[in-house]
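Participant: coords please:
(chains A and B)
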Amino acid sequence: MSYHFNEIEKKWQNYWADKQTFKAENNRDKPKYYVLDMFPYPSGAGLHVGHPLGYIASDIYARYKRHKGFNVLHPQGYDSFGLPAEQYAIQTGQHPAITTETNIKTYRRQLDQIGFSFDWSREVRTSNPEYYKWTQWIFIQLFESYYCKDSNRARPISELITDFETEGNAQINAACDDDVTYFTAEDWSGYASEEQQDILLKYRLTYLAETEVNWCPALGTVLANDEIVNGVSERGGHPVIRKKMTQWSMRISAYAERLLHGIDYNVEDLDWTDSLKDIQRNWIGKSVGASVTFNVNMTSDMLKHVQHDISERHSELVSESHPYKIEVFTTRPDTIYGVSFMTLAPEHELVSKITTEAQKADVDAYIEATAKRSERDRMADVKTISGVFTGAYAEHPFTKELIPIWIGDYVLAGYGTGAVMSVPCGDQRDYDFAKHFDIPIPNIFEGVDISEEAYASKDNVKLANSDFLNGMNYKKATKRAIYELEQLGQGEGKTNYRLRDAVFSRQRYWGEPFPVYYVNDKPQMIDEKHLPIVLPEVEKYLPTEEGEPPLGRADVWAWDTTTHSVVSNELIDNEHVFPLELNTMPGWAGSSWYFFRYMEDAMRDEVFASKEALDYWESVDLYIGGSEHATGHLLYSRFWVKFLKDRGFVNVEEPFKKLINQGMILGTSAFVYREDGTNRYISSGLIQDKNVIPIHVKVKYVNASDELDIDGLKSDSEFGDDYSDAEFILENGVYKVGREVEKMSKSKYNVVNPDAICEQYGADSLRLYEMFLGPLEQYKPWNTAGITGVHGFLKKLWKLYVDDNGLKVSDTEPSKDSLKTLHKTIKKVEEDIENFSFNTSVSTFMIAVNELMAQKCNSKAILEPLLILISPYAPHIAEELWNRLGHDDSISTVSFPKFEEKHLVESSKNYPISFNGKMRFTLELPLDMSKDEIEKTVMAHEKTIAQLDGREPKKVIVVPGKIVNIVG
RNA sequence: GCUCAAGUGGCGGAAUUGGUAGACGCGCUGGAUUCAAAAUCCAGUUUCUUCGGAAGUGUGGGUUCGAUUCCCACCUUGAGUACCA
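Facilitator: Numbering: from 1, shown residues only, chains lettered A, B, ... in the order given. This is a model prediction of the structure:
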């Protein structure tokens, strides 16, 4: 009876589905373990062999944990909102919900055939209204919250209102927009409702603001920073420009410090790789320093502006004595005596006010030129130094000397205050700028040569020419400088973060609608009891002629505040019926909390997840997915979880305890070489110096020896007659293709579909081979030819249990050797799984089976536990053989075999005998032999004498049980 | 530029606290079986070699009785970031 994998696999997949073998029950007496995959976006192309890599790894771990007695939650679902379905809808008119549904069906079929132990009863789809009802609900909670810096957590906005009513905002220490102004309790109660709403918006954790956004004209939407790669959109590679738009934003910056703190100190709940933590740390970009205020020296030109500014209420830039102030952020307040000029971003609001008449033309020309340069140009060209003098001077806070104020595009408007104090001796950019424009470069470092370049290091430096800072090092001087600035009222210690608030609006159709309507342009939340607000129908998925998002085309998209329902736009009267928000939420909205949704199995309509479920499952114990989500999904999820915790909706600080990034499986492309200008294809070994053009061919026409199936290629209908008349120049009777490792993609014809693999070799072979390829985290090329190795192994495994007469396993006593094989396998496999080293356990299985075969082992006492070891990796064959061994229940929850050291105890050791560290021969010696005896025996050995060739050894190192090394 | 990974046979990779480098598999070579092929099985497969051996884990140094493993410098590849003050 041979190994009929197709039958076996179908049989057990049906069995698992029928018996709901992998359904996780909440509140069981077993300890819990939550294994999660990053859920897929169901694309039209279906899965290729690279996709299941992480799923197989997590599945092995989930199955292993079940054997270890855990109640395992291992769910799966779909991140089903997204751009591709919408782009397809734009092209074809097909509703994205329909394509999404079709694609999900394909995904599900492909996933099922690989034999994953998912609990599908808890499936999540982000595009389902019953799911996004809760995404909308979380949005409302964010809107109704602010971040209190005193208690370091989010609190209900109602508490802030109470504070405003009793004491105004002067004492409030909360995360808010930069432009809030001070008001008293009396002021507050005097404000009109709309004014109050505007002020509150500046504190809410999600807020509407006019922001400069990354607009992608080709996609017709804004993109978040992490959705842009090298200045173009991540999806599609379209250009991105800066544009001012009114957008919903998430005040993630309020959580910058806590997000960072978790990375550095919460090792328990954030067992992530250092490289991933580094990426997040860099992205948050904390810098500690000081804010310093420079007073602008007033000229008569400026005083004209001042009159105007003072009439505007709340202008912070203006005071009686020094009408204009420039605030800068610096990480080196210790170098304040090295300031020889200041630089403002060209966009800085003071520029127009302080520029003198004489410089006005130059400055305007420069601003115009900078504005024209795209973000990409500015990025590409960082070497050109440019800038213009404004004609104005600032006053040094200590020396009161006049410092020229320049503008330059190396200063970014979006970071810090958009202005810097330039210290050319201590900063290379300032140095280059000063050299270029012939600005003095005062040296404030004792004994440091700055004639060639700036001295930017904080170490080994003592300050000079710096008055009260003279002789101090970086640390001391920084402290002192901040103290002195505080005394003057011209500065304070400050921490800056590179992390920007996240834009949350997308001008797209296929996303979550906001539960928001507008009264006099002020956003109002729809009461949570009326959720979900379901995506309306539109006749086209494009922006409107007026440039509004696709929801602007919906006819029924207005909110009736009396009936609490979505009604026709015709009914809008701005008294009871109001327009609804036209933007939709970004892709990361639904994926920032889905891991909680899986926890709930019964009352999904009542809550986003019940308290019981949240208490039991807590957070994800093991999360596997791609590292490309480092600054997107993984950061936003942490943010939302912290927020939900602050507001008491969940009780964990971090969502993903252990995180592993699986590497990408790359394709091995195959090339034929056409001689230029001919229809002749030359085998790769014969090219020499001929002028050839490499052309991708489908990898399915190439065998393990890189030989091309010419007939197959010629008859491929996709290429029509391209190859039918072609002449192939062979070497040794075959056409050899060239090979190259590239990312898998349709256009490179190197995509390998798991369906074909499952059909030809089976799911167990696919699972084993994906693991066998190499370490999980590593990028590695796929080569289908190699799968015969693991497939052959499964056949051998089968033959160990079954022959032509049926089952050949007996109750005979196992041999000592077989016990040793089994137990060293148990030990190794258990260690491997705990370390996520799945590739090495596949080798271990091969070694075990090879040994047991050689031992002619047919003992049940060995072969039964062996099946349990293998079952997480190759569950179908394990179930089948387990069943044939006479078990009625699934192997999936049987206890993992216990390792016993006693079977591995040896009495002798094959010692490597090395000379000067190089092993020359081995010698079998008893393990209880003493050091001296070993030395004596080895030195007397004929090979030792031959090796030494008469020389006297200087030293003999004997490490009992390990090695003998003879020096000399 | 800065930050972080990683460089081992023809290929994927193994070597868990410094102790026999190349496990396991692919491919290749030879053989058995077969009318033949597939499948299966057996033997070999880092390089050089005067067949005694010798060299060898990106390069060059260092520590050590002993280094793929630790330290320093450099080279290459990949990832992240992009004037962050």
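Participant: where does the stretch 201-350 of chain A have low pLDDT?
Facilitator: Within the stretch 201-350 of chain A, the ranges that satisfy pLDDT under 70 run A:230-231, A:299-322.
Participant: count of residues packed around the residue of the stretch 51-200 of chain A at minimum distance from RNA strand B?
Facilitator: Nearest residue of the stretch 51-200 of chain A to RNA strand B: residue A:53, at 12.2 Å (Cβ to the nearest atom of the strand). C-beta here means a position set from N, CA and C on the backbone, and glycine is covered the same way. As a burial measure, residue A:53 scores 21 neighbours (other Cβ atoms under 10 Å).
Participant: tell me the SS of it?
Facilitator: Per DSSP: H, G, I helix; E, B strand; the rest coil, the local secondary structure of residue A:53 is helix.
Participant: Now chain A against RNA strand B: closest residue?
Facilitator: RNA strand B sits closest to residue A:789 of chain A, with a gap of 2.1 Å, by Cβ to the nearest atom of the strand.
Participant: pull the CA atoms of whichever strand or helix holds that residue into PDB?
Facilitator: For residue A:789, the host element (DSSP states H and E) is helix A:787-801. The C-alpha trace of helix A:787-801 is given here as PDB (Å, rounded to 0.1, in the frame of the first residue of the first chain):
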ATOM      1  CA  ILE A 787      10.800  19.400  -3.000                       C
ATOM      2  CA  THR A 788      11.500  15.800  -4.100                       C
ATOM      3  CA  GLY A 789      13.800  15.600  -1.100                       C
ATOM      4  CA  VAL A 790      11.100  16.100   1.500                       C
ATOM      5  CA  HIS A 791       8.500  14.200  -0.600                       C
ATOM      6  CA  GLY A 792      10.900  11.200  -0.600                       C
ATOM      7  CA  PHE A 793      11.200  11.500   3.100                       C
ATOM      8  CA  LEU A 794       7.400  11.300   3.600                       C
ATOM      9  CA  LYS A 795       7.400   8.200   1.400                       C
ATOM     10  CA  LYS A 796      10.100   6.600   3.500                       C
ATOM     11  CA  LEU A 797       8.200   7.600   6.700                       C
ATOM     12  CA  TRP A 798       5.100   5.800   5.300                       C
ATOM     13  CA  LYS A 799       7.100   2.700   4.500                       C
ATOM     14  CA  LEU A 800       8.300   2.600   8.100                       C
ATOM     15  CA  TYR A 801       4.700   1.900   9.100                       C
END
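Participant: Give me the contacts around that helix.
Facilitator: For helix A:787-801, contacts defined as Cβ atoms under 8 Å, 6 or more residues apart in numbering pick out A:2-3, A:5, A:704, A:757, A:761-762, A:764-766, A:768-769, A:772, A:807-809, A:842, A:845-846, A:849-850, A:852-853, A:857-858, A:863, A:870, A:874, A:877, A:881, A:884-885.
Participant: Could you list which of these belong to strands?
Facilitator: The strands, defined by DSSP state E, take in residue A:807 from these.
Participant: For the host helix or strand of residue A:405, name the packing helices and strands.
Facilitator: Assigned by DSSP H and E, residue A:405 falls within strand A:402-407. If contacts are counted by 3 or more Cβ pairs under 8 Å, 6 or more residues apart in numbering; DSSP states H and E, strand A:402-407 sits against strand A:286-297, strand A:341-344, helix A:357-372, strand A:388-395.
Participant: Would that strand count as contacting RNA strand B?
Facilitator: No: Strand A:402-407 is not in contact with RNA strand B by Cβ under 7 Å from any atom of the strand; minimum separation 11.7 Å.
Participant: so who does the residue lying closest to residue A:927 once chain neighbours are set aside touch?
Facilitator: Take residue A:927 and drop its neighbours on the chain: the residue closest to it by Cβ to Cβ, 6 or more residues apart in numbering is residue A:909, 5.2 Å away. By Cβ under 8 Å, 6+ apart, the contact list for residue A:909 reads A:924-927, A:961.
Participant: again, but for residue A:831
Facilitator: Contacts of residue A:831 (Cβ under 8 Å, 6+ apart): residue A:837.
Participant: ok so it is a strand residue?
Facilitator: No: applying three-state DSSP, one finds residue A:831 to be helix, outside a strand.
Participant: Just give the number of residues close to residue A:597.
Facilitator: Residue A:597 is flanked by 21 other residues according to other Cβ under 10 Å.
Participant: Same question for residue A:617.
Facilitator: 23.
Participant: Contacts only, for it.
Facilitator: A:26, A:32, A:34, A:73, A:599.
Participant: and the residues you listed, which of them are in strands?
Facilitator: Secondary structure assignment by DSSP E places A:32, A:34, A:73 of the contacts of residue A:617 in strands.
Participant: Let's have these in CSV, adding distance to residue A:817.
Facilitator: Shown next, in CSV, are these (distance: Cβ to Cβ, whole Å):
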residue, distance to residue A:817
A:32, 40
A:34, 40
A:73, 41
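Participant: Could you report the neighbour count for the closest residue to residue A:284 other than its chain neighbours?
Facilitator: Counting by Cβ to Cβ, 6+ apart, the nearest residue to residue A:284 once its immediate chain neighbours are dropped is residue A:499, at 4.6 Å. Other residues within reach of residue A:499 by the criterion other Cβ under 10 Å amount to 22.
Participant: what do you get for residue A:630?
Facilitator: Neighbours around residue A:630, by other Cβ under 10 Å: 22.
Participant: Just to check, it is in contact with residue A:276?
Facilitator: Yes: using Cβ atoms under 8 Å, residue A:630 is in contact with residue A:276, at 5.5 Å.
Participant: Many thanks, have a good one.
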